[in-house]
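> Next one to model:
(chains A and B)
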Protein chains: 2
Amino acid sequence: MQGTRQTPSRPAAYQPTDRTVPTRSAERASYDPEVVHAILDEGYVCHLGFVRDGAPVVLPTLYARVGERLYVHGSTGSRPLRMTGQADPGLPVCLTVTHVDALILARSAFHHSINYRSVVVHGTAHDVTDPEEKRLALDALVDQVVAGRAADSRPANKKELAATAVIRLDLDEVSAKLRTGGVNDEPEDLGLPHWAGVVPLRKGYDAPLADPALAPGTAVPDYLAGL
Amino acid sequence: MQGTRQTPSRPAAYQPTDRTVPTRSAERASYDPEVVHAILDEGYVCHLGFVRDGAPVVLPTLYARVGERLYVHGSTGSRPLRMTGQADPGLPVCLTVTHVDALILARSAFHHSINYRSVVVHGTAHDVTDPEEKRLALDALVDQVVAGRAADSRPANKKELAATAVIRLDLDEVSAKLRTGGVNDEPEDLGLPHWAGVVPLRKGYDAPLADPALAPGTAVPDYLAGL
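Now for the predicted structure:
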């Protein structure tokens, strides 16, 4: 797959591996590409893990999904991107995306939980060297945050492209994990006087604040209304 | 520090190391315990990285801060907790907490960004074996999510305590990284017709939904109003 602009084709299901079968709550795991894609498409910040000098490093960074492939970008000087460019054949990474949906307050401390949806991708990151793939990846990274925004901004120039590294990670060894539903207290605890229930997280955006130097008459674009 | 119930004392500043000095945007880094604590205290989900068979693994999990120490808990069967219990002298981990505050939409694709606050902790996780430290850590884990909740729930019983592993990670090699402010476009781009500005994220909770089996007359507790 290295060096190809075409993303891998979509499988009926991701093949579970020793790394993607959880040791507990296995019923919460999913290998369905639709479930995995939906979780990835709702976010834009991932936590990227790699190994440096034998120790783990976890950094937050932006990502984009294009078909069965993820892209991450950064300065050519940033550690994981520089390490990927130097690594042959690529840098082993783990990329994780998590959404928290609700707090679960049980009567027992033990059964407190959260409703969440997460995706964990294991694999090898490769430096994107094909200029056209790099351009498409950078557009995807902008559109992952605000759909429609890439077409409404000045594309990167040569100097900016040279300063930006992009890495690619194929969706192959991947799983989703989800907790949904309500409180699961022990039957003998149901009569306890503690309030129990679900507290949903509120998500969204406040009204956009225009840059003070905005060119006069520039309207808030329609695609921001969809956020 | 291993096996002690007392957390380390608070330093005037965390000592920067090769791992905690970013390779870029170093002006965004902070080693101030107040800044670090504030970021940690606002969250409850971290991304915990560790190395398994030479490859990185990043899992979302709950955490709590007690002084200069973080706690993470989970089933005794979960991988990082089992690995910590077996590892001597502890498991090298990287624990990262990230808050996204706003989208930064610049006129140029290159200067798109997000405002964020993150904390990255490098260190060695140790199994908590002292029963009293374990109890306090479990209370802290519940209170990290909803302050005041630990006292208003049934504490873990012997069986639940035995099924729960807790690991500890001291705040020592730690840094915060923050981006704040508005759009930083190139001067020559200011006249472009693209809207530019800041889109703040809205954060909070929706109204609590009581468990259908709630004991009659159980009121929504006051501490939920503070969320």
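> ok, the helix or strand of chain A with the lowest mean pLDDT near chain B or not?
Among the helices and strands of chain A, helix A:79-86 carries the lowest confidence by mean pLDDT, DSSP states H and E, at a mean of 86. Yes. Helix A:79-86 reaches chain B (CB under 8 Å from any CB of the partner chain) through A:Arg79, A:Arg82. C-beta: built from backbone N, CA, C; applies to glycine.
> Give me the residues contacting that helix.
For helix A:79-86, the external contacting residues (CB atoms under 8 Å, 6 or more residues apart in numbering or on different chains) are A:48, A:50, A:52, A:57, A:59, A:61, A:72-76, A:90-91, A:93, A:125-127, A:165-167, B:23.
> please redo it, this time with the cut-off set to 7 Å
A:48, A:50, A:52, A:59, A:74, A:76, A:90-91, A:125-127, A:165, A:167, B:23 (CB atoms under 7 Å, 6 or more residues apart in numbering or on different chains).
> So which of those wins on neighbours?
A:Leu48 (30 neighbours; other CB atoms under 10 Å in any protein chain shown).
> Provide the secondary structure category for it.
Here A:Leu48 is strand, with the state taken from DSSP: H, G, I helix; E, B strand; the rest coil.
> after the least confident helix or strand of chain A comes which helix or strand?
Downstream of helix A:79-86, the first helix or strand assigned by DSSP states H and E is strand A:91-105.
> what lines up beside that following strand in the sheet?
Its sheet considered, strand A:91-105 pairs with strand A:45-52 (antiparallel), strand A:113-127 (antiparallel), strand A:197-205 (antiparallel) by DSSP bridges.
> Distance from the shortest one to the middle of the chain?
Averaging C-alpha coordinates over strand A:45-52 and over its chain gives two centres that are 11 Å apart (CA atoms, centre = their mean, to the nearest Å).
> That one vs helix A:79-86, what angle?
Angle between the axes of strand A:45-52 and helix A:79-86 is 60 degrees (criterion: axes from the mean of the first three to the mean of the last three CA atoms, to 10 degrees).
> same deal with the second one?
Using the same axes, to 10 degrees, the interaxial angle of strand A:113-127 with respect to helix A:79-86 works out to 40 degrees.
> How about the last one?
Computed by the same axes, to 10 degrees, the angle separating strand A:197-205 from helix A:79-86 equals 70 degrees.
> Regarding the residue of chain A most remote from its centre, what is its secondary structure?
Centroid-distance maximum for chain A: A:Gly191 at 40.6 Å, with CA atoms, centre = their mean. With three-state DSSP as the basis, A:Gly191 sits in coil.
> OK, contacts around it?
By CB under 7 Å, 6+ apart, the contact set of A:Gly191 is B:Ala215.
> any low-confidence regions in chain A?
Chain A contains residues with pLDDT under 70 at A:1-5.
> For it, which segments count as strands?
Using DSSP state E, the strands assigned to chain A run over residues A:29-30, A:45-52, A:55-66, A:69-75, A:91-105, A:113-127, A:164-170, A:173-179, A:197-205, A:209-210.
> What number of residues are in the vicinity of A:Glu132?
Counted by other CB under 10 Å, the residues lying close to A:Glu132 total 9.
> so how far is A:Leu161 from it?
11 Å (CB to CB, to the nearest Å).
> With A:Asp127 instead?
As judged by CB to CB, A:Asp127 and A:Leu161 stand 14 Å apart.
> A:Leu171 contacts A:Glu68, doesn't it?
Yes. Look at A:Leu171 against A:Glu68 with CB atoms under 7 Å: they come within range, at 4.5 Å.
> For the longest helix along chain A, C-alpha coordinates in CSV please.
The residue-count maximum for a helix in chain A (DSSP state H) belongs to helix A:131-145. What follows is helix A:131-145, C-alpha atoms only, in CSV (Å, rounded to 0.1, in the frame of the first residue of the first chain):
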residue,chain,number,x,y,z
PRO,A,131,2.3,15.8,-3.9
GLU,A,132,-1.3,15.1,-5.1
GLU,A,133,-2.1,12.8,-2.2
LYS,A,134,-0.6,15.4,0.2
ARG,A,135,-2.8,18.1,-1.2
LEU,A,136,-5.9,15.9,-1.0
ALA,A,137,-5.0,15.0,2.6
LEU,A,138,-4.6,18.6,3.6
ASP,A,139,-8.0,19.4,2.1
ALA,A,140,-9.5,16.5,4.0
LEU,A,141,-7.9,17.7,7.3
VAL,A,142,-9.5,21.1,6.9
ASP,A,143,-12.9,19.6,5.8
GLN,A,144,-12.8,17.1,8.7
VAL,A,145,-13.1,20.0,11.1
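> Now do it: which elements does it pack against?
Helices and strands touching helix A:131-145, as assessed by 3 or more CB pairs under 7 Å, 6 or more residues apart in numbering or on different chains; DSSP states H and E, comprise strand A:55-66, strand A:69-75, strand A:164-170.
> Compare those and give me the one nearest chain B.
Chain B sits nearest to strand A:55-66 of all the helices and strands packed on helix A:131-145, at 3.7 Å, using CB to the nearest CB.
> Could you check the angle that closest one makes with strand A:164-170?
80 degrees.
> A:Ser30 reaches A:Arg179, doesn't it?
No. With contacts counted by CB under 7 Å, A:Ser30 stays clear of A:Arg179, the gap being 11.7 Å.
> more crowded one of those two?
Between A:Ser30 and A:Arg179, counting by other CB under 10 Å, A:Ser30 is the more crowded of the two (19 against 16).
> Chain neighbours aside, what residue packs nearest to that one?
When the adjacent residues along the chain are set aside, A:Ser30 lies closest to A:Ala176, with 4.3 Å between them (CB to CB, 6 or more residues apart in numbering or on different chains).
> Tell me, how many residues neighbour that neighbour?
Residues lying near A:Ala176 (other CB under 10 Å) number 24.
> Could you do the one 5 residues further on as well?
A:Gly181 is surrounded by 11 other residues when neighbours are defined as other CB under 10 Å.
> Please apply the same query to A:Asp143.
18.
> Nearest residue to it in space, please, no chain neighbours.
A:Ala150 (4.7 Å).
> Surely the one you found is in contact with A:Asp139?
Yes. Assessed by CB under 7 Å, A:Ala150 is found in contact with A:Asp139 at 4.0 Å.
> surely A:Ile39 meets A:Tyr116?
No. A:Ile39 is beyond contact range of A:Tyr116, at 9.8 Å (criterion: CB under 7 Å).
> Show me whatever sits in contact with both of these two.
With CB under 7 Å, 6+ apart, A:Ile39 and A:Tyr116 have common neighbours A:His99.
> so who does A:His99 touch?
Counting by CB under 7 Å, 6+ apart, A:His99 touches A:Ile39, A:Glu42, A:Gly43, A:Tyr116, A:Arg117.
> Tell me what it is bridged to.
A:Arg117.
> and it, how far is that from B:Asp189?
Separation of A:His99 from B:Asp189 (CB to CB): 33 Å.
> now A:Glu42
In this view, A:Glu42 and B:Asp189 are 30 Å apart by CB to CB.
> That'll do, ta.
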